[in-house]
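Q: All I have is the shape, not the residue letters:
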Ligand SMILES: Cc1cc2nc3c(=O)[nH]c(=O)nc-3n(C[C@H](O)[C@H](O)[C@H](O)COP(=O)(O)OP(=O)(O)OC[C@H]3O[C@@H](n4cnc5c(N)ncnc54)[C@H](O)[C@@H]3O)c2cc1C
Ligand SMILES: NC(=O)C1=CN([C@@H]2O[C@H](COP(=O)(O)OP(=O)(O)OC[C@H]3O[C@@H](n4cnc5c(N)ncnc54)[C@H](OP(=O)(O)O)[C@@H]3O)[C@@H](O)[C@H]2O)C=CC1
Ligand SMILES: O=C(O)C(=O)Cc1c[nH]c2ccccc12
């Protein structure tokens, strides 16, 4: 059992690093528990080679340390990772790796959090278990903790398809797919960008687009669309900004998107959709051109099941494929390990109280960082608030403890 004098932070992605760094600047020690063997494992292990930040860098930096001045407006994943390594070093964040939190529960009698971890190593079949105990628990496991594999693509849902079926989190580049027909499922940023990458590597992608999607230009006349939106949001209501974004998309991307198979949702606009449903608008970095040229085929139907040589669609059609890449999204894993806090976290693993309040959850010392569907900017906002709140309690607590212990010793 390990007593933690300070908060226990679960997850060493940007959110865990940011909150631990902010705590450090407040003079509060913390223990960061990470299931993987490195920081920012989503970025390091589960993303493709060509990935760049798709918001301008000023919206993606963590509290207390700007990106190096020579970074481009949209840093590459390698640049982002080198920034994160420097960030962790600068703020003395040294996570405990290979510790997957399997349960965390508040012990009401003791007024403390009890956190259990498991370590499985490839060299030994035995699983090591540990218990950490502390007054505060910070959930920083992210909105993208687990990949989504829809049932029609699971081995039990498919019959006779012999090609590889993988999730986009395993995709590095299109090189192994050269000359192959690849079914890409999903048209979020991952599906669009992987389809583009497959084209660039001489593969032939067909992209399953079963619903509607907001596509925006990443930049408009050299200005980042996101910067423009952030500026407009200072003066105008969200609905109006969304209307302007859709108008700009029509002007700069063309009015033929529905004809290409990319229908825009009729209800919520792009930012409203991001905030309410977590569905990020696609920021186009070149896939649209490839769709227009016919290099990426858009298939407007869901898949019923995978069969020999391809996929049977729900409308009865057949699409040939040698391989399938699932760009079907991610989900939070908080309900799997956070016990007894169902009144605070939804079944989907998000705080029940929405932005901007969801960073502090109840009175038991439970906090969350990175669940506001606002990307890295949201992470930073949460981290600053959480660290300041915990620091106040930590320093008050220490003052009281010191006073009582010194008076006891008198
Ligand atoms: C491909 C991709 C690109 C993105 N690009 C951008 C972008 O350009 N700009 C932007 O603002 N946002 C972007 N995002 C949003 C993304 O959510 C953030 O970039 C960021 O990674 C969120 O940080 P996080 O720490 O909350 O989550 P993560 O980066 O997912 O980190 C969570 C950490 O918790 C660990 N963990 C999970 N469960 C456990 C457990 N039970 N026990 C211990 N550890 C655990 C994980 O291994 C991981 O290291 C992108 C997301 C994806 C998937
Ligand atoms: N920085 C960058 O450049 C990048 C950022 N990202 C970010 O990562 C996060 C995750 O993105 P992404 O991986 O694209 O996931 P998303 O959740 O954004 O998209 C999932 C896609 O899969 C589709 N889908 C889900 N289930 C099925 C199914 N059973 N059959 C057919 N289609 C299905 C969805 O369509 P439907 O609407 O029909 O459910 C949707 O199009 C986002 O926030 C995104 O912005 C991702 C890549 C690059
Ligand atoms: O790329 C992502 O996943 C992000 O979460 C970044 C992001 C936060 N808010 C947005 C609004 C529009 C497009 C991207 C984002």
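A: Received it, and whenever you're ready, just let me know what you need. Keep in mind that what you see is a predicted model, and the values were worked out from it rather than measured. Ligands and ions are numbered 1, 2, ... in the order given.
Q: what distance separates stretch 302-321 from the centre of its chain?
A: Stretch 302-321 has its average C-alpha position 30 Å from the chain's average C-alpha position, going by Cα atoms, centre = their mean, to the nearest Å.
Q: I meant to write stretch 78-95 there.
A: Offset of stretch 78-95 from its chain centre (Cα atoms, centre = their mean): 18 Å.
Q: Could you say which helix or strand holds the nearest residue to residue 277 once chain neighbours are set aside?
A: The spatial neighbour of residue 277 that comes closest, neighbours along the chain excluded (Cβ to Cβ, 6 or more residues apart in numbering), is residue 268 at 7.4 Å. Every C-beta, even on glycine, is put in place using the N, C-alpha and C of the backbone. For residue 268, there is no host helix or strand (DSSP states H and E).
Q: who's in contact with residue 268?
A: Residue 268 is in contact with 242, 276, 277, counting by Cβ atoms under 8 Å, 6 or more residues apart in numbering.
Q: Can you select the buried ones among these for me in ChimeraX?
A: In ChimeraX, selecting the buried portion of those, with burial taken from 16 or more other Cβ atoms under 10 Å, looks like this:
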select :242
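Q: Of the contacts of residue 268, just say which sits nearest to ligand 1.
A: residue 277 (15.0 Å; Cβ to the nearest ligand atom).
Q: Give me the buried stretch members for stretch 381-390, please.
A: Going by neighbour count (16+ other Cβ under 10 Å), the buried part of stretch 381-390 is 381, 382, 383, 384, 385, 386, 387, 390.
Q: Restricted to helices, list those residues.
A: Members of these lying in helices (criterion: DSSP state H): 381, 382, 383, 384, 385, 386, 387, 390.
Q: picking that back up, redo the buried residues of stretch 381-390 as TSV? Include pLDDT and distance to ligand 3.
A: As requested, the buried residues of stretch 381-390 are arranged in TSV below (pLDDT from 0 to 100; distance: Cβ to the nearest ligand atom, whole Å):
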residue	pLDDT	distance to ligand 3
381	98	12
382	98	13
383	98	15
384	98	17
385	98	18
386	98	19
387	98	21
390	98	25
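Q: Please tabulate these in a markdown table and include distance to ligand 1 as additional columns.
A: Putting the buried residues of stretch 381-390 into a markdown table (distance: Cβ to the nearest ligand atom, whole Å) gives the following:
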| residue | distance to ligand 1 |
| --- | --- |
| 381 | 11 |
| 382 | 9 |
| 383 | 10 |
| 384 | 14 |
| 385 | 15 |
| 386 | 12 |
| 387 | 15 |
| 390 | 17 |
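Q: residues near the residue in the stretch 1-150 of the chain that ligand 1 sits nearest to, how many?
A: Across the stretch 1-150 of the chain, the shortest distance to ligand 1 (Cβ to the nearest ligand atom) belongs to residue 13, at 1.9 Å. Burial measure for residue 13: 25 neighbouring residues, criterion other Cβ atoms under 10 Å.
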